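K.L.:
sequence isn't available, so here's the structure alone:
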């Protein structure tokens, strides 16, 4: 917890504080983790609809963006975007990587100075925009693909976790 | 534009200002509108996968929450949640209602005092939480269902609008 970023405790009139946004993001990531878990091992990287990617491949894309972005927002240092970072496409390896990123995000995010969220950056040395806008894009992209994962699960006859439980 | 809510112009250290959040939300709503438009008329309220609802019915749910919430956040007055407000299930009527809500949101949202976003309310006299949290829930719910609409479109052989264009 970064006390300077705990704007709400300091009675600043903000829509949302950095600590609240971190909790919001990690709540979504916890739900996405449960969606990954809900897939049968043999469907996670193989099943898809309408010529789209498997949910496992989508989740790999989300991983590629998450922790490196939190680090980039905090430090200004950007790695190359690597959407195929898993050495082995399995549910265990994906969940392991997911948990590693969860810890990494919890480390980097509180180091983002509040003033930084309005600055224009080039995420992954490519995507230009304000930090807040890149951050929302990443969360939105996760919700978007996870919604697609819900359809995959339903078509597979599996009840997905409740959307409102984080 | 509510000038008091234009925190960024006033150099307040915020993650996101109310005006930026309004623009973010309306950007998503503009994309959802294009997804509605992309559906063939005869599929919008009939096609579905895995026993889920049609995208037209999901869009009706989104409509039921959007403008009434913006009004509720601003005034504290809540209507009953009405998820079947369209008198006629057609693309034209849905898009008409969508545009009416767009204007309504643009009217109500700037009237939400900045201080209000951290207050705990009961949205629709039912769902308890901070205003910022209810607001994000609503936007997230739209992205979630729209992602599902993308799968419907792909399975119908239709290329959806680009996710990153708002």
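P.N.:
Perfect, I can see it now. In this text the structure is predicted, and so the values were computed from the model without any measurement.

K.L.:
spatially central residue in chain A, please.
P.N.:
residue A:66 (4.7 Å; C-alpha atoms, centre = their mean).

K.L.:
for chain B, see how far away that one is.
P.N.:
16 Å (C-beta to the nearest C-beta, to the nearest Å). The way it works is simple: take the backbone N, C-alpha and C, and place the C-beta from them, glycine included.

K.L.:
ok, now residue A:40?
P.N.:
In this structure, residue A:40 and chain B are 15 Å apart, going by C-beta to the nearest C-beta.

K.L.:
chain neighbours aside, what residue packs nearest to that residue?
P.N.:
In this structure, residue A:40 finds its nearest non-sequential neighbour in residue A:156, 7.3 Å apart by C-beta to C-beta, 6 or more residues apart in numbering or on different chains.

K.L.:
what's the local residue count around the one you found?
P.N.:
Using other C-beta atoms under 10 Å in any protein chain shown as the criterion, residue A:156 is surrounded by 14 other residues.

K.L.:
that one: what's it in contact with?
P.N.:
Residues in contact with residue A:156 (C-beta atoms under 8 Å, 6 or more residues apart in numbering or on different chains) are A:39, A:40, A:43, A:47, B:50.

K.L.:
drop anything exposed from those.
P.N.:
Buried members of these, counted by 16 or more other C-beta atoms under 10 Å in any protein chain shown: A:39, A:43, A:47, B:50.

K.L.:
leaving out the residues flanking it, which one is nearest to the last one?
P.N.:
This means residue B:50. Looking at residue B:50 with C-beta to C-beta, 6+ apart, the closest residue is residue A:154, at 2.9 Å.

K.L.:
okay, the closest residue in space to residue A:120 that isn't next to it in sequence: pLDDT?
P.N.:
In this structure, residue A:120 finds its nearest non-sequential neighbour in residue A:130, 5.6 Å apart by C-beta to C-beta, 6+ apart. In this model, residue A:130 is scored at 97, pLDDT.

K.L.:
and for residue A:126?
P.N.:
The model reports residue A:126 with a pLDDT of 92.

K.L.:
surely it and residue A:80 touch.
P.N.:
No: in this structure, residue A:126 is not within contact of residue A:80 by C-beta atoms under 8 Å, at 9.6 Å.

K.L.:
low-confidence ranges in chain A?
P.N.:
By pLDDT under 70, the weakly predicted segments of chain A are A:1-5, A:9-11.

K.L.:
longest helix of it?
P.N.:
helix A:131-155 (DSSP state H).

K.L.:
so which elements touch that one?
P.N.:
Packing contacts for helix A:131-155, counted by 3 or more C-beta pairs under 8 Å, 6 or more residues apart in numbering or on different chains; DSSP states H and E, involve helix A:18-38, helix A:55-75, strand A:120-123, strand A:127-130, helix B:18-38, helix B:131-155.

K.L.:
go through these and name the closest to residue B:72.
P.N.:
helix B:131-155 (8.5 Å; C-beta to C-beta).

K.L.:
now do the closest one: distance to the chain's middle.
P.N.:
8 Å (C-alpha atoms, centre = their mean, to the nearest Å).

K.L.:
before we move on, what about stretch A:99-107?
P.N.:
With C-alpha atoms, centre = their mean, you get 10 Å for stretch A:99-107.
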